[in-house]
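In: sharing a model prediction with you, sequence too.
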Amino acid sequence: MMIQVPLNKLEEFRTEDLLLELKLRAITPILIGGYDTETYHKELGLREPLRVPSIKGVVRWWARALIGGAIYRKYRVFPTIEVADEYVSHLLGSTRSVSKIAIETRTDYGQIITFKRTDRKITAQINQRPIKNKEGRIIDFGECARLKLLFIGRRKYLSGYAPGTEFLLRVYRNAVDDMSDVEKQLAVFSLILGVFFDGIGKIISRGFGKVEITEVKCDDELKELEERLRRVFNDIRRNSERANDAIERLLKEAQGRADEYIKDKWLSPVSKLSQKPEMEVLDEGYFNYELINKFYNDWQQAVIRISRAFLKASWKQHLSMRPRSPGGQLHTWILGLPRSQRRTGYFLLRKNKEEAGRRRSPIRVTLVRSDNKLRPLLFGFKTCEWDDVIHGRRGRPQLYHFSNHRPPQPVYALAILKPTGHIQQPPWDINEVFDAAFNFVRGLL
């Protein structure tokens, strides 16, 4: 496991053990939950720090995606999660081994943003000042569906760190074992991709928790890598025309380090491999991304537009459909579960027992700051997990669509209504559902 480093114990780590130092600045609100899911505990006067376990999870997730892609490129088969975790554990540890890296986090306790629910509206203020648009009207964040979910129950307030809050992440080489240059660089890229694409905290797939990397510092043995990374983030920040090329360079170099990492590693038996991706793999055939040619002047506009892009109501409006017209053919289940209300929507059925289910959306949006404006970066991973769910394979419950207009139907029996208005009749491939959703979101950002 990785080590959470108490600030009063940092003297135990030598300066020469520092592998990476990242300085981050929030560009949208950061929602970090404590025991009561609040960033700021008013009664105690305390603020939640950025905790190491959350960063540890990000690093491990992206390391697994990188390694999964490398295994596919080398062997043309996909690893199971079990196999990928074996490779990851050599670097990041497991329940039976110690991680080769330790992580330190620091939070600059800056301004707090408070969201408040009043009737059907959600408004926000920073240090008691209401957030307004250019016309001076107070902004209603009630259109942010995922934010509304956090207000379920009696909650009236929700706090987070305001845009502009700064964070410091440091990665140290653990003294338990030597590290090769390839291992060091894979650890560096796993963290950088994690904070760049995903971010920090809650609702990160819908525009919250986004940060920009403002400074990169590597150890002396990785100075060339440091220079390349600085050029990447300078290009993204200062020149919107070069931003896409910079992101491509970042991804290619990260994949190259993963390819090197698995070269001398033992591959598990074929019985533990798959012809389809069971987990997210970072490979161009199964990872889509697009830096959208759209610029937002402020974060409020950005998070509201992102939230709208993932709503079925917005998709219907795009197609000039009536709000209450049947929407099963839009297949918004691909954007994550639960996605149901009042006995309508998508449910998982196992032996006639319904459950709303919980699945993370494979399609997400992050934001990058470029030319002093915010630009959406749409990305997604294609896996066969949803394919198993819609057909009820390998012991998984089967996904059905419930509607007021007809009896429940398995989603595989429904046609696909695409953003162009074209209808794809079944049988169809899961990739067609993914591509249709990706294009819907792209067009609405």
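Out: Structure received. Numbering: from 1, shown residues only.

In: for C218, give its distance to R358.
Out: Plainly put, C218 is 38 Å away from R358 if you go by C-beta to C-beta, to the nearest Å. C-beta coordinates here come from the backbone N, C-alpha and C atoms, glycine included.

In: who has more neighbours, those two?
Out: C218 (23 against 9; other C-beta atoms under 10 Å).

In: can you pull the pLDDT of that one?
Out: With respect to pLDDT, C218 scores 95.

In: which residues does it contact?
Out: C218 is in contact with L19, L20, E21, V188, L225, E226, L229, counting by C-beta atoms under 8 Å, 6 or more residues apart in numbering.

In: narrow those to those in helices?
Out: Among those, the members found in helices (DSSP state H) are V188, L225, E226, L229.

In: what sits against D119?
Out: Counting by C-beta under 8 Å, 6+ apart, D119 has no contacts.

In: kindly indicate which of the ones in helices among the contacts of C218 lies nearest A124.
Out: Nearest to A124, judged by C-beta to C-beta, of those is L229 at 33.5 Å.

In: what about the closest one, how many neighbours?
Out: Residues near L229, counting by other C-beta under 10 Å, number 23.

In: quick one: it and L193 touch, right?
Out: No. Contact criterion C-beta atoms under 8 Å: L229 and L193 do not qualify, at 11.4 Å.

In: where in the stretch 151-300 of the chain is pLDDT low?
Out: Applying pLDDT under 70 to the stretch 151-300 of the chain flags residues 154, 175-177, 267-271.

In: got the CA positions of the strand or helix carrying R257 in CSV?
Out: Take DSSP states H and E as the rule and R257 turns out to sit in helix 240-261. Written as CSV, here are the backbone C-alpha positions of helix 240-261 (Å, rounded to 0.1, in the frame of the first residue of the first chain):
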residue,chain,number,x,y,z
SER,A,240,-4.9,26.7,-27.8
GLU,A,241,-3.7,25.8,-31.3
ARG,A,242,-0.9,23.6,-29.9
ALA,A,243,-3.0,22.2,-27.0
ASN,A,244,-4.2,19.1,-28.9
ASP,A,245,-0.7,18.2,-30.0
ALA,A,246,0.5,18.6,-26.5
ILE,A,247,-2.1,16.2,-25.1
GLU,A,248,-1.2,13.7,-27.8
ARG,A,249,2.5,13.9,-26.8
LEU,A,250,1.6,13.3,-23.2
LEU,A,251,-0.5,10.2,-23.9
LYS,A,252,2.0,8.7,-26.3
GLU,A,253,4.9,9.1,-23.9
ALA,A,254,2.9,7.6,-21.0
GLN,A,255,1.9,4.6,-23.2
GLY,A,256,5.6,4.2,-24.2
ARG,A,257,6.7,4.0,-20.5
ALA,A,258,4.0,1.4,-19.9
ASP,A,259,5.2,-0.6,-22.9
GLU,A,260,8.7,-0.6,-21.5
TYR,A,261,7.4,-1.5,-18.0
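
In: can you list the neighbours in contact with it?
Out: Contact with helix 240-261 is made by 66-67, 69-70, 73-74, 87, 91, 182-183, 185-186, 189-190, 192-193, 196, 228-229, 231-233, 235-236, 282-283, 289, 291, 295, 368, 370-371, 373, 375, 377, as judged by C-beta under 8 Å, 6+ apart.

In: buried only: go through the residues you listed for me.
Out: 66-67, 69-70, 73, 87, 91, 182-183, 185-186, 189-190, 192-193, 196, 229, 232-233, 235-236, 282-283, 289, 291, 368, 370, 375, 377 (16 or more other C-beta atoms under 10 Å).

In: so which of these belong to helices?
Out: Residues of those located in helices (DSSP H): 66-67, 69-70, 73, 87, 91, 182-183, 185-186, 189-190, 192-193, 229, 232-233, 235-236.

In: what average pLDDT does stretch 69-84 get?
Out: Confidence for stretch 69-84, expressed as mean pLDDT, is 92.

In: then stretch 32-48?
Out: Here the average pLDDT along stretch 32-48 is 77.

In: let's verify T420: helix, strand, or coil?
Out: coil (DSSP: H, G, I helix; E, B strand; the rest coil).

In: count of residues packed around it?
Out: 10.

In: same check, this time on K382
Out: 23.

In: my guess is it meets N431, correct?
Out: Yes. Proximity of K382 to N431 meets the contact threshold set by C-beta under 8 Å, at 6.2 Å.

In: what's the domain layout of this protein?
Out: What automatic domain parsing lists as the domains of the chain is 7-110+163-274, 112-161, 288-444.

In: ends of the second one, what's the gap?
Out: The straight-line separation of the ends of domain 112-161 (C-alpha to C-alpha, to the nearest Å) is 5 Å.

In: repeat that for stretch 89-105.
Out: Using C-alpha to C-alpha, one end of stretch 89-105 lies 22 Å from the other.

In: name the residues of that stretch that come out as buried.
Out: Of all the residues in stretch 89-105, those buried under the rule 16+ other C-beta under 10 Å are H90, L91, L92, G93, V98, S99, K100, I101, A102, I103, E104, T105.

In: how about the last one, what does it touch?
Out: T105 is in contact with P49, L50, R51, V52, I55, F167, L168, L169, R170, counting by C-beta under 8 Å, 6+ apart.

In: just give the nearest non-adjacent residue to it, would you?
Out: Once flanking residues are discounted, T105 sits nearest to L50: 4.6 Å by C-beta to C-beta, 6 or more residues apart in numbering.

In: wait, isn't the one you found in contact with I32?
Out: Yes. Between L50 and I32 there is a contact under C-beta under 8 Å: 6.4 Å.

In: report pLDDT for L91.
Out: Note on L91: pLDDT of 94.

In: how much space separates it from S99?
Out: 7 Å.

In: what's the distance between the helix or strand harbouring S54 and the middle of its chain?
Out: Using DSSP H and E, S54 sits in helix 52-75. The chain centre lies 13 Å from the centre of helix 52-75; the measure is C-alpha atoms, centre = their mean, to the nearest Å.

In: and that helix, which residues are buried?
Out: Neighbour-count burial for helix 52-75 flags 52, 55-56, 58-73 (criterion: 16+ other C-beta under 10 Å).

In: output it as PDB, restricted to C-alpha atoms.
Out: The C-alpha coordinates for helix 52-75 follow below in PDB (Å, rounded to 0.1, in the frame of the first residue of the first chain):
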ATOM      1  CA  VAL A  52      -3.500  10.500   0.200                       C
ATOM      2  CA  PRO A  53      -5.900   7.500  -0.100                       C
ATOM      3  CA  SER A  54      -7.900   9.400  -2.800                       C
ATOM      4  CA  ILE A  55      -4.700  10.200  -4.700                       C
ATOM      5  CA  LYS A  56      -3.500   6.700  -4.300                       C
ATOM      6  CA  GLY A  57      -6.700   5.400  -5.900                       C
ATOM      7  CA  VAL A  58      -6.200   7.700  -8.900                       C
ATOM      8  CA  VAL A  59      -2.600   6.600  -9.400                       C
ATOM      9  CA  ARG A  60      -3.500   2.900  -9.200                       C
ATOM     10  CA  TRP A  61      -6.500   3.300 -11.600                       C
ATOM     11  CA  TRP A  62      -4.500   5.100 -14.300                       C
ATOM     12  CA  ALA A  63      -1.500   2.800 -13.900                       C
ATOM     13  CA  ARG A  64      -3.800  -0.200 -14.400                       C
ATOM     14  CA  ALA A  65      -5.300   1.400 -17.600                       C
ATOM     15  CA  LEU A  66      -1.800   2.200 -18.900                       C
ATOM     16  CA  ILE A  67      -0.600  -1.400 -18.200                       C
ATOM     17  CA  GLY A  68      -3.700  -2.900 -19.700                       C
ATOM     18  CA  GLY A  69      -3.100  -1.000 -22.900                       C
ATOM     19  CA  ALA A  70       0.500  -2.100 -23.000                       C
ATOM     20  CA  ILE A  71      -0.400  -5.800 -22.600                       C
ATOM     21  CA  TYR A  72      -2.900  -5.500 -25.400                       C
ATOM     22  CA  ARG A  73      -0.400  -3.900 -27.700                       C
ATOM     23  CA  LYS A  74       2.200  -6.600 -27.000                       C
ATOM     24  CA  TYR A  75       0.000  -9.700 -27.000                       C
END
